[in-house]
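Undergrad: Okay, sequence plus prediction incoming.
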Amino acid sequence: MDADMIILEAEDTMAKAVEYALHEFSAVRTGKASPALVENLDVHVRAYGSNMKLKQLAMISTPDPRLIRIEPFDISTLQDIDRAIKESRLGLNGSIEGKVIRLPIPVLSQERREQMVKMVKGMAEDARIAVRKVRQKAIEGLKAAEKESSITEDDLHRMEKEVQTMTDKSIADVEKHLASKEKDILTV
């Protein structure tokens with residue numbers, strides 16, 4: 001593979017790892033209502049015979065900081081949405097009121113907040129590991145290109161530094177987002 005392609009592929013894959021970590025962080029409860037908490041929840045809709053994301057089935061809003069309001073586009077999916085919320089790992093119980101589901105967000109105890117921080121730190125570590133694996137694969141690809149004489153030894157060293165710089169930047173991004181999420185979780 002061309003050395004420039006290896007670098008571009010590594011950069012793209014590292015960006016996706018950081019993006020995935022952000023996506024995972026958004027699903028963690030912080031004690032305040034956010035549509036991101038439930039919008040990617042998988043809902044099995046019996047009427048349609050398939051699984052769909054909640055954001056495809058309903059309008060999600062937060063009328064106040066402790067409440068998520070879910071209004072299905074199709075009223076027949078109301079029970080399916082309610083079941084999916086109760087079966088999710090979010091630990092939330094909604095109440096059906098007419099054509100909407102109201103999800104009160106309970107205040108998190110300090111112990112639960114600390115558990116959430118540990119979980120988020122684990123997600124961040126998974127992202128850092130993914131970034132490091134991409135770095136390792138890219139460097140192996142560059143060394144193979146150097147063995148095949150498609151790049152020089154100087155190019156190899158320059159490109160290894162470039163890959164390391166991308167790795168450092170990606171890990172710094174994960175750390176920045178982790179610190180922000182940790183602050184959100186611990187804020188009462």
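TA: Sure, I can see it. Treat the numbers as computed from the prediction; the structure is a model and nothing was measured. Numbering: from 1, shown residues only.
Undergrad: Ramachandran coordinates for Val38?
TA: Dihedral angles of Val38 (phi, psi; degrees, to the nearest 10) stand at phi -120, psi -10.
Undergrad: go on, Ile101?
TA: The phi/psi pair for Ile101 (degrees, to the nearest 10) reads phi -110, psi 130.
Undergrad: what do you get for the one 5 residues further on?
TA: Listed backbone geometry of Pro106 is phi -70, psi 150, with angles given as degrees, to the nearest 10.
Undergrad: so how many other residues sit close to it?
TA: 12 (other CB atoms under 10 Å). For the C-beta atoms, the positions are set from N, CA and C on the backbone; glycine is no exception.
Undergrad: Same check on Met116?
TA: Neighbours of Met116 using other CB under 10 Å come to 20.
Undergrad: Ile185 is in contact with that one, correct?
TA: Yes - look at Met116 against Ile185 with CB atoms under 8 Å: they come within range, at 4.9 Å.
Undergrad: Give the residues shared as contacts by the two.
TA: Here Met116 and Ile185 share the contacting residues Val28, Thr30, Leu108, scored by CB atoms under 8 Å, 6 or more residues apart in numbering.
Undergrad: just the helices in the protein please.
TA: Ranges of helices in the chain, per DSSP state H, are 3-26, 54-57, 78-87, 110-147, 153-186.
Undergrad: and the longest one with helix 153-186, angle?
TA: What it means is helix 110-147. Relative orientation of helix 110-147 and helix 153-186, computed by axes from the mean of the first three to the mean of the last three CA atoms, to 10 degrees: 170 degrees.
Undergrad: what about helix 110-147, average pLDDT?
TA: Across helix 110-147, pLDDT averages out at 91.
Undergrad: Counting neighbours, which bits of that helix end up buried?
TA: 113, 116-117, 120, 123-124, 127-128, 130-131, 134-135, 138-139, 141-142, 145-146 (16 or more other CB atoms under 10 Å).
Undergrad: Cool, thanks, signing off.
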